[in-house]
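> show me how the following folds:
(2 chains)
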Amino acid sequence: MAKTLTKPLSQLSTELDNTRDQISQPPLVTGGKTFGNITEIVARVAEHPSAPKAWYVAFAGAVMLFGLLFAMLAYLISTGVGVWGVNTPVAWGFAIVNFVFWIGIGHAGTLISAILYLFRQKWRTGINRFAEAMTIFAVFAAGIFPLVHVGRVWVVYWIFPIPNQQQLWPQFRSPLLWDVFAITTYLLTSLLFWYMGMVPDLATFRDRAKTKVRKIVYGLFALGWRGSNRQWIHYEKAYLLLAALATPLVLSVHSVVSFDFATSQLPGWHTTIFPPYFVAGAIFGGFAMVVFLAVPARELFGLKNLITLQHFDHMNKIIMATGMIVGYAYAMEFFIAWYGGNPLETFTFENRATGPYAWAYWIMVTCNVFIPQVFWFKKARTNLWVMWIVSVFVNIGMWFERFVIVVSSLSRDFLPSSWDYYTPTWVDLCTLAGSFGLFFFFFLLFCRYMPIVAIAEVKGVLPEAHPGHGAHAAAEAKA
Amino acid sequence: MSSIKNSSVISRKQIKGSGRTYWRSLNEFAGSAEYEEMMKREFSAVATEAVNDTTRRDFLRVMGASLALAGIGITGCTWPREKIAPFANRPEGLTPGTPVQFATTMELFGYGTGLLATSYDGRPIKVDGNPRHPASLGGASSLHQASVLNVYDIDRLKSYVDRSAGAETQRDRSAFVNWVENNRVFAGDFAVLTESSSSPTVQALRNRLGSRIKWFEYEPVSRDNEREAMQLLFGRACHPVMDMSNASVVASFDDDFLFSHPASVMYSKQFAAARDLKRGAPLRLYSFESAMSVTGANADHRRPLRSAHIGAALAALAAEIFVNKRHPLPPNAQNLSGVLQQFSSVSLDASTMEGIKLLASDLISLKGKAVVTVGARQPAPVHILAAMINEAMQNTGYTVNYVEDPVQERYSHSLAFSELKSAVSGGVRNLLIIGGDPVFNAPADSGLVELLGQLDNVVHLTSHANVTSGHAGWVVPRAEYLESWGDAYSWDGSYSIMQPLIEPLYDGMSAIELLALCAGDERRAHDIVMDTFTSLSGSMDAEADWRRVLHDGVSAVRMASHTEEGNFSLGMGPISSLGELPAAQGLELSFYPDNCILDGRFANNGWLQEAPDPVTKLTWDNAAVVSFKDAGELGVKDGDVVNVAIGNVKTQLPIVILPGQAEGSVSLAMGYGQNRIGRIADGVGSDIFMLRDNANPNYLQGGALSKAGRSMVLASVQDHHAIDELGAKERERRIPTLIREADFRYYKEQPDFAQHMVHEPADTQLFVSPQYTGHRWGMSIDLNACTGCGACIVACVAENNIPVVGKQRVIEGRELHWIRVDRYFSGDVANPQSVHMPVACQQCENAPCEQVCPVAATVHSDEGLNDMVYNRCVGTRYCSNNCPYKVRRFNYFNYQKNISDTERLVKNPDVTVRSRGVMEKCTYCVQRIQHAKIKAKVQGRDLKDGEIRTACQQTCPTDAIVFGDLSMPESEVSKRHADGRTYEILAELSNRTRTRYMARVRNFADGSPELAADQARHAGGHGGGHGESHDEGHGEQATSHEAEH
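Purely as a prediction, here's the structure:
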């Protein structure tokens, strides 16, 4: 034990290709790990006296960026929205782009934990915990923007339906109000789902805790979990119900976000394809972010046996599939613009691809449609470097997708006299960087102090968890 | 007045501390010791905190004065002079907080325009045209509108600056008066260098000084060429006054009579009336000019050519009429036939010659119904020839009259400096400079600086300490026209009084007061002006007449008008030179008064700096305006800085490429590049005055442009970003759907053509449409009348407390104007058609902005107004994104933060001042609607049509804008909405706008290429009316549209 504790975490696991076994169901946990091993692997991340050096470096960076975000917001709130590049035709800029981007990122976690759970996709167990964490923190990052982008931050609470003596209510026809409901519901459900799933693992941490502080903190959050059969029965039921509740939210939240655009009159926004297109895009971007985070995390924290190449293989397939849905949506937008015969819309799309923002459009298409095509090749799907680089591109591409939708449509609307070009200011850029700081600040803390893999669930997919199941399967295969 | 004398109560006190200023009633403190104490304390505190500003005390006094005088009826405030104290009891007839209007007169270009100034508790806050005054007829230009801001300019000269003893000291009025009297400065011979003024009182004072005074006039822009020509023809100084009311054709040779002209408002009114389709065929306007002016932009036939070729074009016209068409010459122009014969060899480019031929046929066939007008920049012979053509075409007395100039005896502006020089060498030691900044804006070879150095005493009366002030021994703050008594003649010859509304904020003097001081005239300005009026009117009951004239703002006194034939035989010598085209060596540099700040006198006026140039749409800058061809040859694009050189003199300006700019001619606007005026003017634009010389103050040949190797971003309110080919093509496609126009012939066939140019799907609604049972406010904007002058923009700024955001913010696309005038060009870039479209909130019934606001900050009133609730707005800006017209404006910063107390005085108290983070937009001047409704209710009657006029409507010099109640079938706006020309922009969005546009109807000459192009556009009759939309994959919709009919 003492020896393993001093050894860097990254050297404690081994890479094994479990994607090749085509005949029987390949193991989701490699390296012949036992229940005890799994607890050990996950718990020692939080119990290890020191984190990997890279963690400290990353955390320092995140703290600095987070501080930058605070500085930018302070400047913004004290001075006015004018510190950004927004202007009269383009009244929404980076803030809304970042908002939609982060909400999209926040999509994958609940999708992995809820929908894949309902579909009995067992490979989700290795990645669901930190994908959910990613969701929560991405929604944090996203949630800042609609609040601070308004002109008068100090009265932003007016958009909530708070009873008041003047009987002034929000305007329920506004999609921005729907956003408020959709996002708060999504955040609360995701948070609950994440936390509930974590209770048995927190109890494990509590039980293993050596210090008083740990005992108290983990004990508090473990809610008195003892792992009794009765508790497990209630837990499983509640988890299933929450999964069922979260599933429609996965679809609704980004659909509602897309209504901000789809219900407006603006060519380039006013289109019925947006809800499915946004959802597909969000899954696409969310999975890319999971890959982006998982590749270094499993390396640093010694999780190679729990988050295996098979997991990545699956995720990369989803990335490619959703990438093609997104590509289809891009093509369909153009088709409808032409087929619809509305000259204003035709122009908007011509303008997207060849106008002043063509550069952004082609970055988007390249990153989202062309680059993920490498995942047709299994070599690419199972090569950590390739998938990590692709995931970076996909994230860039998805950010630009929102940029293209928001900015290029607004910059050239109905009356040519109003046309203008939007250029972000340094405050815009620093705020975007700062939002990454916020995200990574929380995410890195999570990695360091929380069960980053769902211990109980991973144990559930070990062959040992299903006595006789393995033999049964082997017999079936023979038959 | 007894109520004033007895008043012992102050009703206002300033409470400092919270960072805001509160005014509240202090009646309870009346006469008490506490009150006395408070008065003392507060005054000293304020006096120390605002060293160089108007103190609150000054203002209180001034305001009290104005209130007092408003109370006794019609007069302004510097007479009678009483001890001023605020009211204890309300004077009869005065309700505090109720605006009062006074008639007054503002002089521009040396001629007056009658105005109505609105005073709110003693401070003028708004200026509008005086409907009774013939030069205004109710309209006002952007300059008039903005003039009220000059009163509250914080950079005004605030004290009497004394440098007579060497070191500079700040003195007061009595110190100056003592200096003048003790030193007997003006007791002997002295010279006056003044801005042009038509004031007969000034002339009376000048006459009173007699031979002691040498009188010189100088302004960068003068009408002396015209004067010289008329002097030759008629033997006395006079000027042509057009009457377009019965005209069918107007031909402008470099004359921007709709904008840069002393009578622009009057002419705009006439022009719009003459284009009114109820009258029949609209007036046809020809324009020959180098830079696109507002007039040229409204021409049916415009031909761009160098300024120096205008004379030749007119010569070619004369040759076409008198030689080719053999039209007889007027009797006393017979000796000109030889010269005219020579003119037949004049050959300009084919397009110009074609325009000349069309014009010649029109002039001959429409005798007595046409007029040729020549711009003041053109030399005298061109004016002579134009007068001769007008005479021969029997237009004199019908479409043009000659009105005598108010000032008969003076040197021309170009002679002013040389004559001043000889006066100085003749022994004149003292000089009084009235207004202006001649050291800055005189031609380079004027030698004024050396001259000033030779004088003993130079006194400069000026609103701002400027370059010239730096050379003066005494600098005297000048009272604005709203602060002083005066009088003026208008271009049409009518006489009106300048009446003050407020005491001079900084104890300034008017020209009349200063001249009276020089003349030793002890009377007050009011009495002097009244005496002038009495002697001019020859009235029996001077007092009653005086009061009536003050009230009406117009009098029966007029300058004489002539219709007799001029002595054209004298013109032979001068005009013989017109046939020769100046050798086209290098580029022509052509100098214009700026469309916003004139010759620079309004440079420190933020409203005008931010008002876009009507043609280039540029704000906060001047530029070298060049044609596409010249820009291509030089290899420059918009914003590239170039060296503009003539000989060894050069300056740097950014390039603006303008369609319709004459090739080979570079237009340069005057008035910029100042650096001693104030915080608005300084450092804005480039000075071009050094390029001019005395012989060629208007344009000269042999200029050169070269790249300076850098570029800058121009603060243009349109085309913010350089447009690519794709955007340009799309813009071209959209213009006909937005601004619908047709030739008059097509309009006669198809009076509702405008309603069939765009396919509009059935108006289906998701939400239940509200039912309107009361008023339904609506607006109609007649694009056939709108000239694009932009007076509405400044009127709206003044009425609605719209802040000035500054150059950088305009560059960023954050200007706050509630109404803008979109300007589009179509056709050939070398000679395009241009169109203007004022766009403010369209007040949609089915407003897209309302549906997306999450907090219901923009909501519908039961009268159909799209109301903006500033208090409720959180600033999501979603409404702006969803507004197809992009008329919503956002306060990106707190633009009200750094406004001094003085600047606050110009704010309209009826309109909320918006702070940071809220959206704002046109309200249809809801405050005016409410005022009128309350008034009608108090009087127990219904609102009358036309009772409510929005600020833009009120000032519009062409009456293009009409506001009213759509639920009244007989209202003007209802009638206009029912007209076949009325259409809704972007009607396909089913927003149901309350503001509708009326299509423009042109009247192209038979056989002109413009007519052919228009016919091609509308070819195929009704179906063709869909325009280019057919070609853009729109076939199916067009077909279904056909089926609908």
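
> A:Val326 belongs to a strand?
No - counting by DSSP: H, G, I helix; E, B strand; the rest coil, A:Val326 is not part of a strand but helix.

> thought it was touching A:Tyr277?
Yes - the pair A:Val326 / A:Tyr277 is scored as a contact, 7.0 Å apart, by CB atoms under 8 Å. Where you see a C-beta, it was placed from the backbone N, CA and C, and this is true even at glycine.

> gap between A:Gly85 and chain B?
8 Å (CB to the nearest CB, to the nearest Å).

> how about that residue, secondary structure?
Following three-state DSSP, the label given to A:Gly85 is coil.

> quick check: phi and psi on it?
phi -90, psi 0 (degrees, to the nearest 10).

> surely it is in contact with A:Thr423?
Yes - judged on CB under 8 Å, A:Gly85 makes contact with A:Thr423 at a distance of 5.2 Å.

> between A:Val326 and A:Tyr277, which one's more packed in?
Between A:Val326 and A:Tyr277, A:Val326 has the larger neighbour count (other CB atoms under 10 Å in any protein chain shown), namely 27 against 24.

> can you give me the distance of that one to A:Met398?
8 Å (CB to CB, to the nearest Å).

> quick check: closest non-adjacent residue to the closest residue to chain B within the stretch 51-200 of chain A.
Nearest to chain B, among the residues of the stretch 51-200 of chain A, is A:Gly151, at 2.0 Å (CB to the nearest CB). Nearest non-adjacent residue to A:Gly151, counting by CB to CB, 6 or more residues apart in numbering or on different chains: B:Gly875, 2.0 Å away.

> mind jotting down where the helices sit in the stretch 51-200 of chain A?
Taking DSSP state H, counting those that start in this stretch as the test, the helices found in the stretch 51-200 of chain A are A:53-79, A:94-105, A:108-110, A:116-118, A:124-148, A:175-208.

> rewinding a little: what do A:Val326 and A:Met398 both touch?
Jointly contacting A:Val326 and A:Met398 under the rule CB atoms under 8 Å, 6 or more residues apart in numbering or on different chains are A:281, A:284, A:368.

> where in the stretch 451-600 of chain B is pLDDT low?
B:583-584 (pLDDT under 70).

> picking up where we left off before, can I get the shared contacts of A:Val326 and A:Met398 in a markdown table including secondary structure?
What follows is the shared contacts of A:Val326 and A:Met398, written out as a markdown table (three-state DSSP):
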| residue | secondary structure |
| --- | --- |
| A:Gly281 | helix |
| A:Phe284 | helix |
| A:Asn368 | helix |
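
> just the residues you listed now: which is nearest B:Ser665?
When these are compared for distance to B:Ser665 (CB to CB), A:Asn368 wins out at 51.7 Å.

> was I right to think the closest one contacts A:Gly397?
Yes - if you go by CB under 8 Å, A:Asn368 and A:Gly397 touch, sitting 3.8 Å apart.

> for the residue nearest to B:Glu988 when sequence neighbours are not counted, the count of nearby residues, please.
Leaving aside its sequence neighbours, B:Glu988 sits nearest to B:Glu760 (CB to CB, 6+ apart; 5.1 Å). As a burial measure, B:Glu760 scores 18 neighbours (other CB under 10 Å).

> then the one 3 residues further on?
B:Asp763 is flanked by 13 other residues according to other CB under 10 Å.

> which residues touch it?
Taking CB under 8 Å, 6+ apart, one finds B:990, B:992 in contact with B:Asp763.

> so it: helix, strand or coil?
Secondary structure, three-state DSSP: B:Asp763 is coil.

> so for residue 96, what's the pLDDT?
Because you didn't say which chain, this covers chain A. pLDDT for A:Ile96: 92.

> actually chain B
Value for B:Pro96, per-residue pLDDT: 74.

> go on, B:His1022?
For B:His1022, pLDDT reads 44.

> confirm B:Val644 sits in a strand?
Yes - per three-state DSSP, B:Val644 lies within a strand segment.

> residue of the stretch 51-200 of chain B with the smallest distance to chain A?
Closest to chain A within the stretch 51-200 of chain B is B:Ser142: 18.8 Å, counting by CB to the nearest CB.

> wait, the stretch 251-400 of chain B
B:Ala297 (15.1 Å).

> ok, and the closest non-adjacent residue to that residue?
The shortest distance from B:Ala297 to any non-neighbouring residue, by CB to CB, 6+ apart, is to B:Ser834 (4.3 Å).

> before we move on, back to that, including distance to B:Asn871 and mean neighbour count, could the helices of the stretch 51-200 of chain A go into a markdown table?
A markdown table is the format used below for these (distance: least, CB to CB, whole Å; neighbours: other CB atoms under 10 Å in any protein chain shown):
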| stretch | distance to B:Asn871 | mean neighbour count |
| --- | --- | --- |
| helix A:53-79 | 19 | 16 |
| helix A:94-105 | 24 | 27 |
| helix A:108-110 | 39 | 30 |
| helix A:116-118 | 48 | 19 |
| helix A:124-148 | 20 | 24 |
| helix A:175-208 | 19 | 20 |
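
> any idea how far the nearest residue to A:Gly104 once chain neighbours are set aside is from A:Asn368?
Leaving aside its sequence neighbours, A:Gly104 sits nearest to A:Ala282 (CB to CB, 6+ apart; 3.8 Å). Between A:Ala282 and A:Asn368 the computed distance is 12 Å (CB to CB).

> the residue of the stretch 501-650 of chain B found nearest chain A - how many residues pack around it?
Of all residues in the stretch 501-650 of chain B, B:Lys617 sits closest to chain A, at 8.7 Å by CB to the nearest CB. As a burial measure, B:Lys617 scores 23 neighbours (other CB under 10 Å).
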